[in-house]
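Asks: generate a structure from the sequence data that follows.
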Amino acid sequence: MTSEASGPPRKTSFLARARQLYESDSQEAHRFRYGLLAFDLATVAFIVVSSFLTRTIWLEVADVVIGMVVAADFAVRIAISRERLRGFAHPATWADFAAVLSFLSPIVGEGAAFLRILRTLRLLRTYQILQRLRQDSKFFRRNEEAILATVNLLVFLFVMTAIVYETQHLRNDKINNYVDALYFTVTSLTTTGFGDITLEGSSGRLISVVIMICGVTLFLRLAQVLMRPTKVRFPCPTCGLQRHEPDAVHCKACGTLLNIPDEGD
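Replies: Modelled structure (predicted):
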């Protein structure tokens with residue numbers, strides 16, 4: 001009787017504690033979320049670095065450990081969500097779920113190794129990191145467009161590298177590791193096209209087309225942002241124009257007097 005009565009309060013206390021850490025504005029919550037931020041960055045680095053390494057038992061163990069941490073984080077986020085159905089429909093939720101499957105695939109065996117391609121979806125977590133930095137970093141806010149353009153290009157680059165490797169390494173003797181796949185992706189993206197590596201079959205040609213069209217678009221977007229004069233983001237109260245010169249006094253679209261805050265250096 002006593003243990004049954006104490007069960008629900010303990011569960012409620014855990015959820016309340018978790019909600020406080022994930023959602024409140026306390027110093028402890030900020031430290032906890034920055035710890036998660038550091039874990040996400042470390043996971044992204046692990047995905048990129050480990051893709052170029054030979055599979056060993058230690059990499060498999062690291063996969064499982066990361067998968068268990070990601071699964072725990074995923075479960076807690078769902079448990080404390082006030083709109084769970086809406087949360088399940090969010091693309092980031094499915095990306096996290098796919099990443100959990102991919103990291104835990106060593107438990108199933110090498111037959112599920114193809115699931116490793118899904119771990120690149122963990123890179124989508126980068127965009128949630130950027131949202132946090134937008135709130136806390138003046139440097140990020142000043143260079144937001146350039147940083148976002150760079151992240152878009154890098155995420156696309158590593159996702160396509162994973163797709164090229166997983167779809168080609170068993171049937172294409174010119175793609176034996178991630179370095180070969182990355183080399184092909186970069187040469188296609190930049191339209192250099194040395195021709196020493198080509199993808200086989202209709203699916204390979206379609207992948208090449210996607211890399212060239214989408215990759216060139218993202219690359220040109222990054223170049224455009226880097227060459228564009230620096231502007232600040234501040235919504236005009238009248239017409240809603242978002243971007244203005246750093247020293248603008250009036251909105252160039254409607255002439256409304258602006259009061260752009262000076263963040264300082």
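Asks: what are the boundaries of the helices in the stretch 51-200 of the chain?
Replies: 57-80, 84-88, 91-103, 105-108, 125-136, 138-142, 144-168, 178-189 (DSSP state H, counting those that start in this stretch).
Asks: can you list the low-confidence ranges for this protein?
Replies: 1-12, 87, 91-92, 106-129, 229-230, 262-265 (pLDDT under 70).
Asks: domains of it?
Replies: Following automatic domain parsing, the chain resolves into domains at 1-138, 143-228, 231-265.
Asks: so for V249, which of the helices of the stretch 51-200 of the chain sits nearest?
Replies: helix 138-142 (19.5 Å; C-beta to C-beta). The way it works is simple: take the backbone N, C-alpha and C, and place the C-beta from them, glycine included.
Asks: just the CA atoms of the closest one, as CSV, please.
Replies: The C-alpha coordinates for helix 138-142 follow below in CSV (Å, rounded to 0.1, in the frame of the first residue of the first chain):
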residue,chain,number,x,y,z
LYS,A,138,25.6,38.8,-30.2
PHE,A,139,28.1,37.4,-32.6
PHE,A,140,25.6,35.0,-34.0
ARG,A,141,22.9,37.6,-34.4
ARG,A,142,25.3,39.8,-36.3
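Asks: other SSEs contacting that helix?
Replies: Applying 3 or more C-beta pairs under 8 Å, 6 or more residues apart in numbering; DSSP states H and E, one finds that helix 138-142 contacts helix 125-136.
Asks: buried deepest among the domains of the chain, which one?
Replies: The highest average neighbour count among the domains of the chain, using mean count of other C-beta atoms under 10 Å, belongs to domain 143-228 at a mean of 16.
Asks: next, the distance between the ends of it.
Replies: Domain 143-228 has its terminal residues 12 Å apart, counting by C-alpha to C-alpha, to the nearest Å.
Asks: quick revisit: reformat the helices of the stretch 51-200 of the chain as a markdown table; add distance to D25.
Replies: Supplementary listing: the helices of the stretch 51-200 of the chain in a markdown table, determined by distance: least, C-beta to C-beta, whole Å:
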| stretch | distance to D25 |
| --- | --- |
| helix 57-80 | 16 |
| helix 84-88 | 21 |
| helix 91-103 | 22 |
| helix 105-108 | 38 |
| helix 125-136 | 11 |
| helix 138-142 | 19 |
| helix 144-168 | 23 |
| helix 178-189 | 41 |
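Asks: who wins for proximity to A16 among the ones you listed?
Replies: helix 57-80 (8.8 Å).
Asks: packing partners for that closest one?
Replies: Against helix 57-80 (3+ C-beta pairs under 8 Å, 6+ apart) you get helix 2-23, helix 27-50, helix 84-88, helix 91-103, helix 105-108.
Asks: would CSV of the ones you listed with distance to L220 be doable?
Replies: Shown next, in CSV, are these (distance: least, C-beta to C-beta, whole Å):
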stretch, distance to L220
helix 2-23, 38
helix 27-50, 24
helix 84-88, 35
helix 91-103, 25
helix 105-108, 36
